[in-house]
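Chemist: the sequence and its predicted three-dimensional model are supplied below.
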Amino acid sequence: MFELFQVLLLLGCLILLGVKVECLKGSWSFSYLAPSCRAESVSIAEYGGVGDGTTVNTEAFRRAIDHLSEFSEKGGGQLYIPPGRWLTGSFNLTNHFTLYLHKEAVILGSQDLEDWPLIPPLPSYGRGRDAAGPRYSSLINGYNLTDVVITGDNGTIDGQGAIWWQKFHQKKLKYTRGYLVELMYSTDIKISNLTFLNSPAWNLHPVYSSNILIQYVTILAPLDSPNTDGIDPDSCSYVRIEDCYVVSGDDIVAIKSGWDEYGISFGMPSQHIYIRRLVGISPTSAIIALGSEMSGGIQDVRAEDIYAINSEAGIRIKTSPGRGGFVKDIFVNRMTMVNMKWAFTMTGSYGSHPDNKYNPNALPAVERISYSNIVATNVSVAGKLEGIAKAPFKDICLTNVTITMAAKAKKYPWNCTYIHGLSDTVYPQPCSLLEEKPAEGDSFCASRHELHTREENSLQQCSYSIRH
């Protein structure tokens, strides 16, 4: 059933985006809808690339992108990846640039760690996430860029992460693992119509960036792979994630904004984020997670039409004393869950600090959290909602929630401490801390205000012909 859903999702997205690819004699011709077309388009093969799965093509990627960077102010450039298996180490993108993968193209991450150069830790984290000090670069990187598109007709980017997972479990990695895609300090980003496989750690990591669209993406990783989050907007604004299918060993979508004192000092929130039509499977983590690294703040998030299957938690807020920051104005509407450990979790004691310099009195504020029109079946625990004694989570509101408990569910479906909130038409009956009544004249829940968005760019048909 789920495989059929995935196939239909991918076919549908190609039709909607108008992708057309055909092989003409001596050339590949293709077209698709995009905010802007590129003046120069070249194939990786023109720059010495060999798609045999064994030749390392890092220099070919570098030479091709260096050439296309000359067109950044002259209509932009596009790098076409034809059918083949293109092994490479880390490479950097450029401005006004499109990376386009043919449906039979596979970009493979090198399994030689030397091909993933070390880079400084993120300033909002103060150190690598796995270990102190620097971190490995990601497979595909971008810094201070404008107008970047990573797309195709469902080509594949495979990080070949097994060697990284093995070394991580064996504690043989001195530095933090890289990701499949990391774009920093960038704006006008589109990632679509691709399959991402086997990332060493997080898959898609836009950070300190804005105006981001991620759509029609499939992300797959083994269910026991460590920290293979699907999509992690980190200190980002104006983000849309839609029509994606993710199977992961960690959170499906995790919204972040920095770690303890480093995130507080950097002070860049994640905000104005819209997630819709997301399907996810994560037996060890959440479909939508907020935190735990949230010290710069998370606000103005809406998720709608979400489908969670065989997962640990539907929606999870995780924070801790020392984090500071806030999680507020979160609205989840129309979510279906099947075979879950928890429907909802919130924890104020997550722990996990970068060092011993954090301030334990830096308490996070969690407020105005609204979940409505939720249906969940075969659930072990309806809600485990644990705030902080000195900073209770407040204005939690549940409306029209129906949870069918599993045959061997826990005795008490709700576990609530240090929270305050409201509920209406919720089954099974929630804990008493969620049964407060609004003051006379007040609305039952915080109103779901209009999400702050930017105008979508109009799309145009872009057609190209690449010699082969």
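Modeler: Sure thing, it's come through.
Chemist: list the contacts of residue 297.
Modeler: Residues near residue 297 by C-beta atoms under 8 Å, 6 or more residues apart in numbering: 257, 269, 270, 271, 325, 326, 327, 328. For glycine as for every other residue, the C-beta is placed from the backbone atoms N, C-alpha and C.
Chemist: now do 7 Å
Modeler: Residue 297 makes contacts with 257, 269, 325, 326, as judged by C-beta atoms under 7 Å, 6 or more residues apart in numbering.
Chemist: off-centre distance for stretch 174-184?
Modeler: 13 Å (C-alpha atoms, centre = their mean, to the nearest Å).
Chemist: out of the contacts of residue 297, which is most surrounded?
Modeler: Counting neighbours by other C-beta atoms under 10 Å, residue 257 leads those with 32 neighbours.
Chemist: can you tell me the closest non-neighbouring residue to that one?
Modeler: Nearest non-adjacent residue to residue 257, counting by C-beta to C-beta, 6 or more residues apart in numbering: residue 296, 3.5 Å away.
Chemist: report the separation between the one you found and residue 329.
Modeler: Using C-beta to C-beta, to the nearest Å, one obtains 15 Å as the distance from residue 296 to residue 329.
Chemist: do residue 197 as well
Modeler: 35 Å.
Chemist: please name the spatially closest residue to residue 49 (chain neighbours excluded).
Modeler: Nearest non-adjacent residue to residue 49, counting by C-beta to C-beta, 6+ apart: residue 60, 3.9 Å away.
Chemist: for residue 244, same thing?
Modeler: Excluding the flanking residues, the one nearest residue 244 by C-beta to C-beta, 6+ apart is residue 217, at 4.7 Å.
Chemist: now the one you found, what's its secondary structure?
Modeler: strand (DSSP: H, G, I helix; E, B strand; the rest coil).
Chemist: and it, how many neighbours?
Modeler: The number of residues packed near residue 217 is 27, by other C-beta under 10 Å.
Chemist: show me what contacts it?
Modeler: Residues near residue 217 by C-beta under 7 Å, 6+ apart: 191, 192, 194, 196, 244.
Chemist: so where is this structure shaky, pLDDT-wise?
Modeler: Applying pLDDT under 70 to the chain flags residues 1-27, 437-444, 446-457, 468.
Chemist: now with 90, please.
Modeler: Within the chain, the stretches with pLDDT under 90 are 1-36, 408-411, 435-460, 465-468.
Chemist: tell me the centre residue of it?
Modeler: In the chain, the C-alpha nearest the mean C-alpha coordinate belongs to residue 231, at 1.1 Å (C-alpha atoms, centre = their mean).
Chemist: that one contacts residue 242, doesn't it?
Modeler: No - counting by C-beta atoms under 7 Å, residue 231 stays clear of residue 242, with 10.8 Å between them.
Chemist: what about the helices in the chain?
Modeler: Ranges of helices in the chain, per DSSP state H, are 2-17, 58-69, 162-169, 260-266.
Chemist: buried ones in the second one?
Modeler: For helix 58-69, a neighbour-count test (16 or more other C-beta atoms under 10 Å) marks 60, 61, 62, 63, 64, 65, 67, 68, 69 as buried.
Chemist: and of these, the nearest to residue 283?
Modeler: Nearest to residue 283 among these, counting by C-beta to C-beta, is residue 61 at 35.4 Å.
Chemist: which one is that closest one nearest to, not counting chain neighbours?
Modeler: Spatial nearest neighbour of residue 61, chain neighbours left out: residue 91 (4.1 Å); criterion: C-beta to C-beta, 6+ apart.
Chemist: count the residues that sit near the one you found.
Modeler: 23.
Chemist: hang on, it packs against residue 63?
Modeler: No - taking C-beta under 7 Å as the definition, residue 91 is not a contact partner of residue 63, at 10.2 Å.
Chemist: so what's in contact with these two at the same time?
Modeler: Common contact partners of residue 91 and residue 63 (C-beta under 7 Å, 6+ apart): none.
Chemist: quick one: neighbours of the nearest residue in space to residue 189 that is not next to it in sequence, just the number.
Modeler: Nearest residue to residue 189, sequence neighbours excluded (C-beta to C-beta, 6+ apart): residue 212, at 4.6 Å. Using other C-beta under 10 Å, the number of residues around residue 212 comes to 24.
Chemist: for residue 128, same thing?
Modeler: Residue 128, neighbours per other C-beta under 10 Å, totals 22.
Chemist: could I get the buried residue list for stretch 117-130?
Modeler: Neighbour-count burial for stretch 117-130, counted by 16+ other C-beta under 10 Å, picks out 119, 121, 122, 124, 125, 126, 127, 128, 129, 130.
Chemist: off-centre distance for that stretch?
Modeler: 18 Å.
Chemist: who's in contact with it?
Modeler: 90, 133-137, 168, 173, 175-177, 207, 235, 258-259, 262-263, 266, 268, 296, 354.
Chemist: any chance you could map the strands in the stretch 301-450 of the chain?
Modeler: Taking DSSP state E, counting those that start in this stretch as the criterion, the stretch 301-450 of the chain contains strands spanning 326-347, 365-386, 393-405, 414-417, 419-427.
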